[in-house]
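Undergrad: here is the input, now give the coordinates:
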Amino acid sequence: MGEALALDAAWLFAAFLILLLLAACGIAVRRFLLERRGARVECGLRRPGASWRLGLASYQLDEFYWYRVFGFSMRPEQAFPRRDLAVVAQRPATPEEVTILGPGRIVAECQLGEGDTGGGVDLALAESALTGLLVWLESAPPGSHLDVTH
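TA: This is a model prediction of the structure:
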């Protein structure tokens with residue numbers, strides 16, 4: 001009976017390892033596919049009163065997409081229109097934030113447009129990625145910040 005129990009435990013452990021390996025492969029494939037679609041910037045996101053979440057960001061034509069790192073959906077979890085997103089302040093990550101986000105991150109405090117009820121969002125980016133975000137925000141076509149309805 002002891003051998004049967006040990007054999008059952010070994011099969012259970014092997015099944016657990018296979019499921020863990022499949023999940024890791026799924027996350028790696030998802031990240032590869034997201035990077036092919038343009039999500040190439042590692043970016044932490046925090047809403048007011050919430051904790052940091054790790055993710056990937058993508059600058060699209062008129063929207064900033066944010067994808068959760070650990071997930072299976074190919075759709076962005078957050079989408080911020082360029083005309084509604086403004087960086088109002090930036091600061092180095094605190095030591096507590098560095099343990100979550102990793103070293104070398106700069107926190108960009110962003111104000112969102114009037115359509116968002118949260119009022120703001122914090123983005124944690126590497127310095128080069130923050131520069132890219134600022135350039136992307138400033139390179140909007142002339143007049144795109146105007147809310148013109150026909």
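
Undergrad: just the helices in this protein please.
TA: Secondary structure of the chain by DSSP state H: the helices cover 2-36, 95-101, 127-138.

Undergrad: for those, which one sits closest to Gly113?
TA: Nearest to Gly113 among these is helix 127-138 (12.5 Å), distances taken as C-beta to C-beta. Yep, even glycine has a C-beta here, placed from its N, CA and C like the rest.

Undergrad: does anything pack onto the closest one? Which helices or strands?
TA: The contact analysis (3 or more C-beta pairs under 8 Å, 6 or more residues apart in numbering; DSSP states H and E) places helix 127-138 against strand 41-42, strand 55-59, strand 85-92, strand 105-112.

Undergrad: circling back: how about the helices of the chain in a markdown table, adding mean neighbour count, distance to Arg47 and mean pLDDT?
TA: Output for the helices of the chain, formatted as a markdown table (neighbours: other C-beta atoms under 10 Å; distance: least, C-beta to C-beta, whole Å; pLDDT from 0 to 100):
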| stretch | mean neighbour count | distance to Arg47 | mean pLDDT |
| --- | --- | --- | --- |
| helix 2-36 | 11 | 21 | 78 |
| helix 95-101 | 14 | 15 | 94 |
| helix 127-138 | 14 | 17 | 92 |
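
Undergrad: tabulate the ones you listed (CSV), appending distance to Pro48.
TA: Shown next, in CSV, are the helices of the chain (distance: least, C-beta to C-beta, whole Å):
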stretch, distance to Pro48
helix 2-36, 26
helix 95-101, 15
helix 127-138, 19
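
Undergrad: between those, which one is closest to Ala50.
TA: Closest among the helices of the chain, using C-beta to C-beta: helix 95-101, at 12.4 Å.

Undergrad: in CSV, could you pull the C-alpha coordinates for the closest one?
TA: Coordinates of each C-alpha in helix 95-101 appear next as CSV, following Å, rounded to 0.1, in the frame of the first residue of the first chain:
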residue,chain,number,x,y,z
PRO,A,95,12.7,51.8,-2.0
GLU,A,96,9.4,50.0,-1.3
GLU,A,97,8.4,50.5,-4.9
VAL,A,98,11.7,49.2,-6.2
THR,A,99,11.1,45.9,-4.5
ILE,A,100,7.9,45.5,-6.5
LEU,A,101,8.9,47.2,-9.8
